[in-house]
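Student: Make a model of this:
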Amino acid sequence: MRNYIVARLLAIIPTTMVLILFVVVLIRLLPGDAIDVLLEEQVRLDDVSRAELEARLGLDKSLPEEFVRYTLGTLRGDLGNSIFTEESVTGLIRQRIGVTLTMGVMALVIGATTGVVIGIISAVRRNNLLDYFLRSVSIAGLSIPNFAIATAVIVFPTIWWKWSPPVIYTPPGDGIWPYVAQFFTPALILGLSLSASLMRLTRTMMLEVLRQDYITTARSKGAGEGTVVLRHALRNALIPVVSLLGIQVAFLLSGTVILESIFSLPGLGRTLIGALTARDYPVVQGLTVVSGLLVIMVNLMVDVSYGVLDPRTRTE
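Tutor: Here you go, the predicted model:
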């Protein structure tokens with residue numbers, strides 16, 4: 001197991017290098033000249049010279065030099081400074097990342113729990129009315145975008161009951177419960193969208209596993225249905241489900257961009273929207289790197305979990 005984890009850790013290095021290279025190249029691939037666009041914002045930039053802007057964005061160096069500089073800065077925790085406020089990008093991310101992580105973890109717990117449980121129920125009750133209903137709900141969850149559900153959750157209760165979910169941010173200093181409670185609605189919306197895909201995959205894998213010979217053997221030995229499903233079938237059925245969770249993390253991060261804006265939550269997603277609108281390129285680069293690293297780290301945990309669930313993968 002130790003060698004398996006070390007191999008996965010080493011695999012992170014080239015992935016991270018590719019991520020940083022993408023971020024460095026990104027500023028050079030923008031349509032038009034990024035410096036010319038920023039020089040039009042002289043009111044906010046206080047007459048910054050072209051040479052100073054090029055230095056801030058690393059455009060005064062060659063691509064290999066800027067790649068090395070940005071990589072070393074990332075290792076030191078230095079992601080540069082905002083063009084307009086000169087605030088440290090690392091400090092800005094440190095202030096906002098708690099909001100995104102809180103909502104993301106809540107959504108992941110809601111989505112994984114709901115999706116797996118409903119998938120098991122649908123598989124055990126296959127081809128009856130409950131199964132058809134749950135599958136229909138999952139299709140609806142896959143079809144309706146998050147922003148449409150979030151808008152409906154805010155608009156319709158306001159019209160019908162004169163009530164709406166909180167859309168004013170409450171900092172942790174005002175109490176843990178008000179702070180956590182404000183994330184419940186956006187996390188629920190994001191989690192239920194995630195649960196739809198997990199439910200369908202769990203159902204498919206459970207049906208496949210329940211047809212295996214060893215399941216028939218367990219039943220013939222007198223094992224109860226609950227024991228067969230939860231002890232013998234579920235572990236093997238969860239292997240591809242865990243793999244899907246790693247992929248869905250990117251979906252969760254993209255969902256936070258929209259939901260943080262709708263519910264006025266000052267997280268990384270809303271910060272990214274603001275930075276893109278303001279053309280604050282160092283902030284965009286830093287947020288892209290941190291978001292990519294979050295996805296990489298979650299997928300590392302998924303790989304380790306995969307090795308625990310299926311010991312055969314440790315020798316591959």
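Student: What are the boundaries of the helices in the stretch 151-300 of the chain?
Tutor: Under the criterion DSSP state H, counting those that start in this stretch, the stretch 151-300 of the chain contains helices at 176-181, 184-210, 213-220, 225-227, 234-262, 268-278, 281-309.
Student: right, and those helices - which one's nearest G115?
Tutor: helix 184-210 (2.8 Å; Cβ to Cβ). The C-beta positions use only the backbone N, C-alpha and C, and glycine is treated the same way.
Student: what angle do the closest one and helix 234-262 make?
Tutor: 160 degrees (axes from the mean of the first three to the mean of the last three Cα atoms, to 10 degrees).
Student: And helix 184-210, what's buried?
Tutor: Using 16 or more other Cβ atoms under 10 Å as the test for burial, helix 184-210 gives 185-207, 209-210.
Student: go on, stretch 241-256?
Tutor: Quick answer for stretch 241-256 (16+ other Cβ under 10 Å): 241-246, 248-249, 251-253, 255-256.
Student: Please list the residues outside that stretch that contact it.
Tutor: 100, 103-104, 107-108, 111-112, 115-116, 119, 146, 190, 193-194, 197-198, 201-202, 205, 267-269, 291, 294-295, 298-299, 302-303, 305-306, 309 (Cβ atoms under 8 Å, 6 or more residues apart in numbering).
Student: mean confidence for it?
Tutor: Per-residue pLDDT over stretch 241-256 has a mean of 81.
Student: ok, for P171, nearest residue in space, not its chain neighbours?
Tutor: Leaving aside its sequence neighbours, P171 sits nearest to Y179 (Cβ to Cβ, 6 or more residues apart in numbering; 6.9 Å).
Student: L57 versus R279, what's the distance?
Tutor: Distance, R279 to L57, by Cβ to Cβ, to the nearest Å: 11 Å.
Student: er, E66 actually
Tutor: Distance of E66 to L57, computed by Cβ to Cβ: 9 Å.
Student: Then M103?
Tutor: In this view, M103 and L57 are 31 Å apart by Cβ to Cβ.
Student: So between these two, which is more surrounded?
Tutor: M103 (26 against 20; other Cβ atoms under 10 Å).
Student: can you tell me the helix or strand for the more buried one?
Tutor: In this structure, M103 sits in helix 89-124 according to DSSP states H and E.
Student: Would you indicate which residues of that helix are buried?
Tutor: Quick answer for helix 89-124 (16+ other Cβ under 10 Å): 89-90, 92-93, 96-97, 99-100, 102-104, 106-108, 110-112, 114-116, 118-124.
Student: Measure how the following helix or strand past it sits relative to helix 184-210, angle-wise.
Tutor: Proceeding N to C from helix 89-124, the next assigned helix or strand is helix 129-143, under DSSP H and E. Counting by the same axes, to 10 degrees, helix 129-143 lies at 130 degrees to helix 184-210.
Student: okay, stretch 64-72 in PDB with CA atoms only?
Tutor: C-alpha atoms of stretch 64-72 as PDB (Å, rounded to 0.1, in the frame of the first residue of the first chain):
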ATOM      1  CA  PRO A  64      10.600  29.200 -20.100                       C
ATOM      2  CA  GLU A  65      11.800  31.900 -17.700                       C
ATOM      3  CA  GLU A  66       8.200  32.800 -16.700                       C
ATOM      4  CA  PHE A  67       7.400  29.200 -16.200                       C
ATOM      5  CA  VAL A  68      10.300  28.700 -13.800                       C
ATOM      6  CA  ARG A  69       9.500  31.900 -12.000                       C
ATOM      7  CA  TYR A  70       5.800  31.100 -11.500                       C
ATOM      8  CA  THR A  71       6.600  27.500 -10.500                       C
ATOM      9  CA  LEU A  72       9.100  28.600  -7.800                       C
END
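Student: Give me the buried positions along that stretch.
Tutor: Neighbour count says stretch 64-72 has E66, F67, Y70 buried, by 16+ other Cβ under 10 Å.
Student: Could I get the contacting residues of the last one?
Tutor: Y70 makes contacts with I20, V23, V24, G58, Q285, as judged by Cβ under 8 Å, 6+ apart.
Student: would you say the third one is within a strand?
Tutor: No: counting by DSSP: H, G, I helix; E, B strand; the rest coil, V24 is not found in a strand; it is helix.
Student: I'd guessed it sits against V68; true?
Tutor: No: V24 is beyond contact range of V68, at 9.6 Å (criterion: Cβ atoms under 8 Å).
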